[in-house]
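Asker: pasting the sequence and the predicted coordinates here, then a few questions.
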Amino acid sequence: MDAIRTFSADSEAALWEQVTADLNSQPDLFDYRADICQPPYCIRLELDIDLGGGFEGGYEITTLTAVVPGPPALHFALHEQDWVHEIGKLLGLEDVQLGFADLDKTFIITTNNQSALRQLLADPAIHDTLLLHPTARFTLAPASEELGAPVLLTFSEDRAVLEPERLRALYQLLLRVLQQLAPQTSAPSA
């Protein structure tokens, strides 16, 4: 496993200059980890690619994770609408409808506060970015069942997102949600 890189800047543009230069300098991105920090927010980017070999299949995973200060009372999960989850709905899995036809059709959505999640996802930048990743999982939940466990905001997709501009859009997705869940008095600049 490669070391965890750390990038920090006061502006998003300066931050992504650093990240893009580092991504472009890597001979491969099979196991890439970076903390991308725009104070007071910090988001961990992980790329995990295994090409497999012989009779083994490979896999690709892109994950972005951030600890949410607070912790927020809102919890949610959005994940792919597929036949396994359709069976789950028949067996009683609760899928909420938020009133956004495109999101409701694309994802299975669970939450403890439907109106708060509807307000969060009404942001066009959040809404549109999620629709570009219909097979992704986007969650806001405690890291574990332990009392006082940190609440994590996580985006994951079973494919490698390697293009810096697409990774930046995912970073912006998490950043916008963090800014709504845990606003700071001096918001980071773009």
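Answerer: That came through fine.
Asker: any low-confidence regions in the chain?
Answerer: Along the chain, the model assigns pLDDT under 70 to residues 1-2, 53-56, 82-94, 185-190.
Asker: go through this structure and flag its longest helix.
Answerer: The longest helix of the chain (DSSP state H) is helix 164-181.
Asker: can you give me the strands in the chain?
Answerer: 5-8, 31-38, 41-50, 59-68, 76-80, 107-111, 137-142, 151-157 (DSSP state E).
Asker: put together a markdown table for the ones you listed, with mean neighbour count on each row.
Answerer: Quick note: C-beta positions are derived from backbone N, CA and C, even for glycine. Output for the strands of the chain, formatted as a markdown table (neighbours: other C-beta atoms under 10 Å):
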| stretch | mean neighbour count |
| --- | --- |
| strand 5-8 | 15 |
| strand 31-38 | 19 |
| strand 41-50 | 18 |
| strand 59-68 | 19 |
| strand 76-80 | 18 |
| strand 107-111 | 22 |
| strand 137-142 | 19 |
| strand 151-157 | 20 |
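Asker: which residues does the spatially most central residue of the chain contact?
Answerer: What sits nearest the mean C-alpha location of the chain, by C-alpha atoms, centre = their mean, is F155, with 2.1 Å. Shown in contact with F155 (C-beta atoms under 8 Å, 6 or more residues apart in numbering): 63-65, 133, 136-138, 170, 173-174.
Asker: go again using 7 Å as the cut-off
Answerer: Neighbouring residues of F155 by C-beta atoms under 7 Å, 6 or more residues apart in numbering: 64, 136, 138, 170, 173-174.
Asker: L152 versus the nearest residue in space to it that is not next to it in sequence, what's the distance?
Answerer: Of all residues not flanking F155 in the chain, L64 sits nearest, at 4.7 Å (C-beta to C-beta, 6 or more residues apart in numbering). For L64, the distance to L152 equals 10 Å [C-beta to C-beta, to the nearest Å].
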